[in-house]
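Student: Predicted structure and sequence below. I'll ask about it afterward.
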Amino acid sequence: MARLILDRVSKSFGDVQVLQDVSIDVRDGEFLAILGPSGCGKTTLLRLIAGFERVTSGEIRIGEKTVSAPNRHVPPEDRQVGIVFQSYALWPHMTVAQNVGYSQRVLGASKDETRKKVAEALGVVGLGGFEDRSPSKLSGGQRQRVALARCLVQSPNLVLLDEPLANLDVHLRASMEDEFSDFHRRSGSTMVYITHDQAEAMAMADRIAVMDRGRLAQLATPAELHDRPATEMIASFIGGGMVLDAEMLASEADGRCVVRLYDADVKARCARRQAPGRLVKLALYPNALSPSADGRSGVACHVTKLTYLGGRFRVEVAPDRAPSTRLFLHVDEVGGIEQGAALRVAVGEGWVIPHAEGLAA
Ligand SMILES: Nc1ncnc2c1ncn2[C@@H]1O[C@H](COP(=O)(O)OP(=O)(O)O)[C@@H](O)[C@H]1O
Ligand SMILES: [Mg+2]
């Protein structure tokens, strides 16, 4: 397995720039997710790594070898990159062993050699002994594992997966996430996993590269992305955070600060010391909000909507100072909370977004 380096990779189709200056360093054996909304350039990035497209500028290196540069293009078959697609694409008329071993036979490996490699690969995905089964006799999860074994048998430098779970229903997805994590642990593969689903990326990846309109917006661990989102897009895209206008009141060198949020002063974290009086964007998750215990402190709001979520309620409120803004919180019991009622909302620790767009001067 190998390290993968993307160094300021850009890609244009004619006049349309699809990727701009994307730099990502994937460590040997790392599980990296590339996350972003539809159309942000994820598949294009994967096709560049696999060698199906040429870069416009920048470089791609796999291990020590430069495989893509404006004047250099190693063809896909010489990159030793395994790809797992959404549909498992197994041949129904072949057994599991024949499916997994096909590429080896095509390359001229002997029967014995192939049998050995197939057994090894099936062992890694937990399907030892399934050699003679027909794919039609396997569950969806097992078929996906056969597809992974088929990729593994080619001793790839890295494994690329493009939204492999996008067409599956919710509970099958959860068990498949376990399959991919297991596969990663057992094989030690360097994996690049593309998805538009932040929960999927959070559940599996060591680090996540968030893409926004063809650019890399942030490359960080799941916890870091959640706690310290670099941009508004990430704050709202990950975990459904709220992004609110606030004013910096005071900040310390250690990243603690106090901001004014509507009619309340609230504590927050920030990346660097900031001048008082500065307008900022505050990222908050619903679990940072709660009904004020004393009913006097916190942000003065009115309840706009109450939704039962099974075991708890989702409360939507509008701050009195910003009636068109909506805040969300969860409560276990409604108590006196009802639509139209006044509610003071206590605000726990939020995060001041370091690269906020569209702030008034
Ligand atoms: N061969 C191509 N020619 C022109 N535009 C393309 C081509 N491939 C992709 N695009 C454009 O690049 C953008 C990103 O596409 P894609 O990489 O498929 O995004 P994602 O996988 O994140 O949904 C889209 O606007 C798409 O229309
Ligand atoms: Mg895509």
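Tutor: Received, thanks. Ligands and ions are numbered 1, 2, ... in the order given.
Student: Name the residues of the chain found near ligand 2, please.
Tutor: Proximity of the chain to ligand 2 (C-beta under 5 Å from the ion) is limited to residues 42, 43. (Each C-beta comes from the backbone N, C-alpha and C, glycine too.)
Student: residue contacts, residue 4?
Tutor: 24, 25, 26, 49, 60, 61, 62, 157, 158, 190, 192 (C-beta atoms under 8 Å, 6 or more residues apart in numbering).
Student: ok, those residues vs ligand 1, which is closest?
Tutor: Nearest to ligand 1 among the contacts of residue 4 is residue 49, at 12.0 Å by C-beta to the nearest ligand atom.
Student: Report pLDDT for the closest one.
Tutor: Reading off the confidence values, residue 49 has pLDDT 97.
Student: what does residue 240 give?
Tutor: 79.
Student: Look at it and tell me its secondary structure.
Tutor: Following DSSP: H, G, I helix; E, B strand; the rest coil, we place residue 240 in the coil state.
Student: Now do the same contact list for it.
Tutor: Residue 240 neighbours (C-beta under 8 Å, 6+ apart): 285, 286, 328.
Student: Among the contacts of residue 4, which are located in strands?
Tutor: Taking DSSP state E, the ones among these that sit in strands are 24, 25, 26, 60, 61, 62, 158, 192.
Student: circling back: now list the buried members of the contacts of residue 4.
Tutor: With burial judged by 16 or more other C-beta atoms under 10 Å, the buried subset of the contacts of residue 4 is 24, 26, 49, 60, 61, 62, 157, 158, 190, 192.
Student: Show me which pair in those is furthest apart.
Tutor: Using C-beta to C-beta, the buried ones among the contacts of residue 4 span at most 15.7 Å, a distance reached by 24 and 157.
Student: possible to save the contacts of residue 4 as JSON lines with distance to residue 237?
Tutor: Formatted as JSON lines, the contacts of residue 4 follow (distance: C-beta to C-beta, whole Å):
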{"residue": "24", "distance to residue 237": "18"}
{"residue": "25", "distance to residue 237": "23"}
{"residue": "26", "distance to residue 237": "21"}
{"residue": "49", "distance to residue 237": "23"}
{"residue": "60", "distance to residue 237": "26"}
{"residue": "61", "distance to residue 237": "29"}
{"residue": "62", "distance to residue 237": "29"}
{"residue": "157", "distance to residue 237": "30"}
{"residue": "158", "distance to residue 237": "26"}
{"residue": "190", "distance to residue 237": "25"}
{"residue": "192", "distance to residue 237": "19"}
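Student: which one of the ones in strands among the contacts of residue 4 sits closest to ligand 2?
Tutor: Nearest to ligand 2 among the ones in strands among the contacts of residue 4, counting by C-beta to the ion, is residue 192 at 13.0 Å.
Student: about what we covered before: could you identify the least confident member of the buried ones among the contacts of residue 4?
Tutor: Per-residue pLDDT puts residue 157 lowest of the buried ones among the contacts of residue 4, at 87.
Student: gap between that residue and residue 209?
Tutor: Distance check for residue 157 against residue 209: by C-beta to C-beta, to the nearest Å, it reads 19 Å.
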